[in-house]
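Undergrad: What follows is a predicted structure for the sequence shown.
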Amino acid sequence: QVQLVESGGGLVQAGDSLRLSCAASGRTLSRYAMGWFRQAPGKEREFVAVISWSGGTTSYADSVKGRFTISRDNAKNTVYLQMNNLKPEDTAVYYCAADPTMPTVVRGRSQYWGQGTQVTVSS
């Protein structure tokens, strides 16, 4: 059974940076697309970013484009989300997800999901 464990969340001020990590265990996910989603209180979970299994293709939500960067280290079975210039509206629980195909990740239908890490940005 695959487990995804997110870490790196916390409380920061607007303009600060955070790097989230998502470590996979149970099997190698080097052939899986991986992504990040977030869910703010009272809102639906939304797509943030996705990366192909090779790392060669990435895609971002418009709201984070230019501020967030997704990357992966297949040797460590880990995906990262570097978040710069954080804004209060980025406050949410952030989840990582893994699936064999990128479109499935983007649609929020991934096979595997983590439990989430809280990111809170104060103004």
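TA: That came through fine.
Undergrad: Give me the most central residue, the chain.
TA: The residue lying closest to the centre of the chain (C-alpha atoms, centre = their mean) is Trp36, at 2.4 Å.
Undergrad: For the spatially closest residue to it that is not a sequence neighbour, which residues are in contact?
TA: Among residues not flanking Trp36 along the chain, Val48 sits closest, at 4.2 Å (C-beta to C-beta, 6 or more residues apart in numbering). All C-beta spots, glycine's among them, are computed from the backbone N, C-alpha and C. The contact partners of Val48, taken as C-beta atoms under 8 Å, 6 or more residues apart in numbering, are Gly35, Trp36, Phe37, Arg38, Tyr60, Ala61, Val64, Phe68, Leu81, Tyr94.
Undergrad: same thing with Gly35?
TA: Contacts of Gly35 (C-beta under 8 Å, 6+ apart): 47-51, 70, 96-98, 102, 105-106, 110.
Undergrad: if we can go back for a sec, now the two most distant members of the contacts of Val48.
TA: Tyr60 and Tyr94 (13.8 Å; C-beta to C-beta).
Undergrad: Which one's more surrounded, those two?
TA: Using other C-beta atoms under 10 Å as the criterion, Tyr60 and Tyr94 rank with Tyr94 on top: 23 against 18.
Undergrad: roughly how far apart are that one and Ser25?
TA: Distance from Tyr94 to Ser25, counting by C-beta to C-beta, to the nearest Å: 19 Å.
Undergrad: And for Gly56?
TA: 24 Å.
Undergrad: ok, those two, which is more surrounded?
TA: Ser25 (12 against 7).
Undergrad: Tabulate the contacts of Val48 (a markdown table), appending pLDDT, distance to Val5 and secondary structure.
TA: As requested, the contacts of Val48 are exported to a markdown table (pLDDT from 0 to 100; distance: C-beta to C-beta, whole Å; DSSP: H, G, I helix; E, B strand; the rest coil):
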| residue | pLDDT | distance to Val5 | secondary structure |
| --- | --- | --- | --- |
| Gly35 | 98 | 15 | strand |
| Trp36 | 98 | 14 | strand |
| Phe37 | 98 | 15 | strand |
| Arg38 | 98 | 17 | strand |
| Tyr60 | 98 | 23 | strand |
| Ala61 | 98 | 23 | coil |
| Val64 | 98 | 22 | coil |
| Phe68 | 98 | 20 | strand |
| Leu81 | 98 | 14 | strand |
| Tyr94 | 98 | 12 | strand |
